[in-house]
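[1] Just to be clear, the model below is a prediction. Sequence and coordinates:
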Amino acid sequence: MRSLLARLRPASPLSSATYDAAVNVARAPHWYRAGAVPDSMDGRFAVLATVLALVTLRIEEGGQASNHAAVTLTEAFIADMDAQMRQAGFGDPSLGKQVRHLVGSLASRVDRWRRVLAGEEGWIEATRRSLYRDAPVAEDALAHSVDQLRLLHQRLAATNPAAVEAGRWS
């Protein structure tokens, strides 16, 4: 069924390029070494979802025309999570529930980072919750991750939304 849907509605090359750029940023070793994010499925997901949240918010700044790009980016995320979950051995009965949970986690991060960018929440607390949840983290590791997320935000803000949509920001 999924392959039939994929043929009827092929992935946008822009969303794929944007998603690939976000994955490349999330795979950078510094997150797991200097930032001390656990190098586990959960830790890698936390970094990817956080990066995608910041990218999504930048794309949304492009106005109404960019809403489609934000949706296709989310669809690329869903397709990847579906494939990753299948590869990890999740079966069809539980797969939908698991993917919905991951999408909800992404949406929560988008909301949290929207509040940060609006000045309603601080970078330190948002980074702590977004990357580490409630696990203890060394202050230097947390500071590294905060700095890296600020730099990512600055890079995205300095790039026009169309270039961000095309994955030309990483």
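    Noted; the coordinates are in hand.

[2] how about A53, what does it touch?
    Contacts for A53 (Cβ atoms under 8 Å, 6 or more residues apart in numbering) come out as 106, 109-110, 112-113, 130. All C-beta spots, glycine's among them, are computed from the backbone N, C-alpha and C.

[3] how about the longest helix along the chain: buried residues?
    Counting residues, the longest helix in the chain under DSSP state H turns out to be helix 92-117. Neighbour-count burial for helix 92-117, counted by 16 or more other Cβ atoms under 10 Å, picks out 99, 102, 105-106, 109-110, 112-113, 116-117.

[4] Just put the contacts of A53 in a markdown table and tack on pLDDT.
    Shown next, in a markdown table, are the contacts of A53 (pLDDT from 0 to 100):
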| residue | pLDDT |
| --- | --- |
| L106 | 89 |
| R109 | 96 |
| V110 | 95 |
| R112 | 97 |
| W113 | 98 |
| S130 | 97 |
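
[5] Can you tell me which of these is nearest R150?
    W113 (11.6 Å; Cβ to Cβ).

[6] Skipping adjacent residues, who's closest to the closest one in space?
    A53 (4.6 Å; Cβ to Cβ, 6 or more residues apart in numbering).

[7] measure that neighbour to L149 for me?
    10 Å (Cβ to Cβ, to the nearest Å).

[8] same deal with V116?
    When V116 is compared with L149 (using Cβ to Cβ), they lie 9 Å apart.

[9] shared neighbours of these two, anything?
    By Cβ under 8 Å, 6+ apart, V116 and L149 have these common neighbours: W123.

[10] just checking, E60 touches A70?
    Yes - judged on Cβ atoms under 8 Å, E60 makes contact with A70 at a distance of 5.5 Å.

[11] Which one of the two is surrounded by more residues?
    Relative neighbour count places A70 above the other of E60 and A70, with 21 against 16, counting by other Cβ atoms under 10 Å.

[12] Got the phi and psi for that one?
    phi -60, psi -40 (degrees, to the nearest 10).

[13] Helices of this structure, start to end?
    Assigned helices in the chain, in chain order: 2-8, 13-26, 41-60, 67-87, 92-117, 123-127, 139-157, 161-165 (criterion: DSSP H).

[14] quick one: buried residues of the third one?
    Of the residues in helix 41-60, those with enough neighbours to count as buried (16+ other Cβ under 10 Å) are 43-60.

[15] Relative to D80, how far out is the spatially most central residue of the chain?
    Central residue of the chain (Cα atoms, centre = their mean): L52, 2.3 Å from the mean position. Distance, L52 to D80, by Cβ to Cβ: 10 Å.
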